[in-house]
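1. this one's structure only:
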């Protein structure tokens, strides 16, 4: 896991200074095991243990806000659960939200273009908002989230280079171009 390498670098910065390494704002950090789960080797298992200890020691507890549920988000939710990171899926449709709830998925009802939805989801305390809908919807989500909280990390998917640029202008910190 790359997070173990980053943690090593983080601790190295403070080595010999007499200052204890400390994450400045743990609510803005989300560490997710996105591959090698379960660990395929003793080295990976050791690194994942180190990451979990770092997360616990630094009070990294922020939740992740998702705007959709597909196979991608279900895989992410599985990893979030394993890492002990809370999440919530925002769903505009009550009937769909009830079905998700019945499946054991943490869900809340709210319009994706309404700042009140993100306030209710405590986006200010979240580690990340991940939006994987259409490019125009992701752009609206980014603008709405930025209106609610200028600091939270926003990850969005995009279908084209042009959309990547628009999403970054809308306030996305990271974009993943999946199409074209």
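-> Ah, there it is. Because the structure is predicted, anything quoted here is derived from the model rather than measured.

2. in this protein, which residue is most central in space?
-> In the chain, the centroid-proximal residue (CA atoms, centre = their mean) is residue 128; its distance is 3.7 Å.

3. surely it touches residue 149?
-> No: if you go by CB atoms under 8 Å, residue 128 and residue 149 don't touch, sitting 11.4 Å apart. The C-beta positions use only the backbone N, C-alpha and C, and glycine is treated the same way.

4. quick one, what contacts the residue nearest to the centre of the chain?
-> Contacts for residue 128 (CB atoms under 8 Å, 6 or more residues apart in numbering) come out as 30, 62, 64-65, 152-155.

5. beta partners of it?
-> With DSSP bridges as the criterion, residue 128 is bridged to residue 64, residue 153.

6. for the lowest-mean-pLDDT helix or strand in the chain, packing partners?
-> The weakest-scoring helix or strand in the chain, judged by mean pLDDT, DSSP states H and E, is helix 42-57 (a mean of 83). Using 3 or more CB pairs under 8 Å, 6 or more residues apart in numbering; DSSP states H and E, the elements in contact with helix 42-57 are helix 2-14.

7. circling back: residue 81: which of the contacts of residue 128 is nearest?
-> For these, the minimum distance to residue 81 (CB to CB) is 11.0 Å, reached by residue 64.

8. identify all contacting residues around stretch 95-105.
-> Counting by CB under 8 Å, 6+ apart, 69, 77, 89, 91, 107-109 sit against stretch 95-105.

9. buried residues in the least confident helix or strand of the chain, which are they?
-> 44, 47-48, 51, 54-55 (16 or more other CB atoms under 10 Å).

10. show me where pLDDT drops low in the protein?
-> 1, 27-28, 30-38, 61, 179-180 (pLDDT under 70).
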